[in-house]
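Student: Have a look; sequence and predicted model below, questions after that.
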Amino acid sequence: METEGLILVIGAGPVGLGMAKALAEAGIPFCVAEATDHVGGNWAHGVYTTAHIISSKRTTEYPDWPMPDDYPDFPSAAQMCAYYDAFADAHGLREHIRFESPVASVVPAGERWRVIFEGGAEETFKGVMVCNGHHWDRDMPAWTADYAGDVIHSKDYKEPEQLRGKRVLVLGGGNSGCDVASEAARVGASCDWSLRRGVWILPKTLFGSPSVELTRGWVPLFVSRLVLRILLAIRVGPFSAYRLPKPDHRIFDAHPTVNDEILHYLKHGRVTPRPGVTRVDGRTVEFADGRRAEYDLVVCATGYRVAFPFLPEGFVTVRGKCPELVAGFFVPHHRNLFIVGAYQVRYGVGPLIRPIGLLLARWVRLQDRIRAPLSRVLLRLGAKPPTSHLVDAHGTIRKLKWARRLDPLVRWTARRMRP
């Protein structure tokens, strides 16, 4: 198969599928490299069987492909897999996907890209869209290497039987941490929950609707924060009432934790809060308050590193969890290399994927008309990398609409630049 004129999409998860559909609609030749045997990304292979989305179906679905009416507000992992399967089949994407084709290396080859697959196969592509997600490179605390008991990352937690009858310690106050701690409260012998800092725990529903759907694009962020603080004070009360530390940041300054169960189990004594870990001795863990306890299993819901291991070292600078990408998509000074979905959305991701796909398909066409790398042109026009890995969905949608109108200005600027 001749590939030099193709765009390679890396990953057939929700973002990769959305980009593939946009390329197909624009008539741009492409293929998709998927490391596993299934579409759906993390939903197909990376979550526990009892997982449900924390946003809602209306804020997670593609705007041009609604989820079935009989889906609940918070679909399960199995329902999400069925949704992405149906999407791929309905739009003829599966025939473009190479399954079980992990990418080992992507390097420049003149104005094209040489891609080496695991196993040694090598092909050249016109461009590459990296949609490899950010829920796969486990971030583990250093002290777990010295712990004598069983340790897993939440990525490796699949079913409640892994917790049954065990003394469980869960690390981390994110969504996976709350889910695993709640599951351990049901089936484990005991569950302790270690938090290094306070987190905002938002209810999944307010006034009978998914709380994420109460956010409106025209409402300023400070107003949304104020309204949520008031509603939390009424619905939840102070976090100190649950023996939890007070959050040291504003709502939405970190990825929100959305969970209705964890506070219930804290109040019932089935989950015991603990501060951060300071040291370990065999199976015994010592916490910042000096208390010690022994566990059968430690589950690290400690997040993930943002990484692109197939790109040359130093190609993408990542500060904390924030990749420094021009306009949020481009590696500086390179043609037709896009990184999509590297940031986290303070909302459901669905409404963003469609407009991003339309814009990037347009930019692939635009790059064919100008000699300078589009990233350089956008830098000249003042585009900057995002300063946070958290993305405001409503504001980004507005920016994407404006960006689609910039073609004449981009071409005019490119003509005045050296290639």
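Tutor: In hand now; what should we look at?

Student: What's the local residue count around E159?
Tutor: For E159, the count of nearby residues is 12 (other Cβ atoms under 10 Å). (Glycine included, C-beta is placed from N, CA and C.)

Student: typo on my end, I397
Tutor: When neighbours are counted by other Cβ under 10 Å, I397 comes out with 17.

Student: mind checking which helix or strand it is in?
Tutor: Assigned by DSSP states H and E, I397 belongs to helix 393-403.

Student: Could you tell me which other helices and strands that helix packs against?
Tutor: Contacts defined by 3 or more Cβ pairs under 8 Å, 6 or more residues apart in numbering; DSSP states H and E place helix 393-403 against helix 350-369.

Student: contacting residues for G328?
Tutor: G328 is in contact with A342, Y343, P385, P386, V391, counting by Cβ atoms under 8 Å, 6 or more residues apart in numbering.

Student: among the residues you listed, who's most crowded?
Tutor: Among the contacts of G328, A342 has the most neighbours (other Cβ under 10 Å), with 25 neighbours.

Student: Let me know whether that residue touches K321 as I believe.
Tutor: No - if you go by Cβ atoms under 8 Å, A342 and K321 don't touch, sitting 9.1 Å apart.

Student: Give the residues shared as contacts by those two.
Tutor: Residues touching both A342 and K321 by Cβ under 8 Å, 6+ apart: H134, V306, H389.

Student: can you redo those as JSON lines with pLDDT and distance to S76?
Tutor: Shown next, in JSON lines, are the shared contacts of A342 and K321 (pLDDT from 0 to 100; distance: Cβ to Cβ, whole Å):
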{"residue": "H134", "pLDDT": "85", "distance to S76": "22"}
{"residue": "V306", "pLDDT": "92", "distance to S76": "27"}
{"residue": "H389", "pLDDT": "85", "distance to S76": "27"}
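
Student: can you list those in TSV and add distance to L206?
Tutor: Below are those laid out as TSV (distance: Cβ to Cβ, whole Å):
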residue	distance to L206
H134	28
V306	31
H389	26
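
Student: from those residues, which single one is nearest A109?
Tutor: Ranked by distance to A109 (Cβ to Cβ), the shared contacts of A342 and K321 are led by V306 at 25.3 Å.

Student: got the contact list for that closest one?
Tutor: Contacts here follow Cβ under 8 Å, 6+ apart; on that basis V306 touches H134, D137, V318, K321, C322, P323, A342, H389.

Student: now, the most widely separated pair of these?
Tutor: Using Cβ to Cβ, the two most remote members of those are D137 and C322, lying 15.0 Å apart.

Student: Looking at these two, which is more packed in?
Tutor: Of the pair D137 and C322, C322 is the one with more neighbours under other Cβ under 10 Å, namely 18 against 15.
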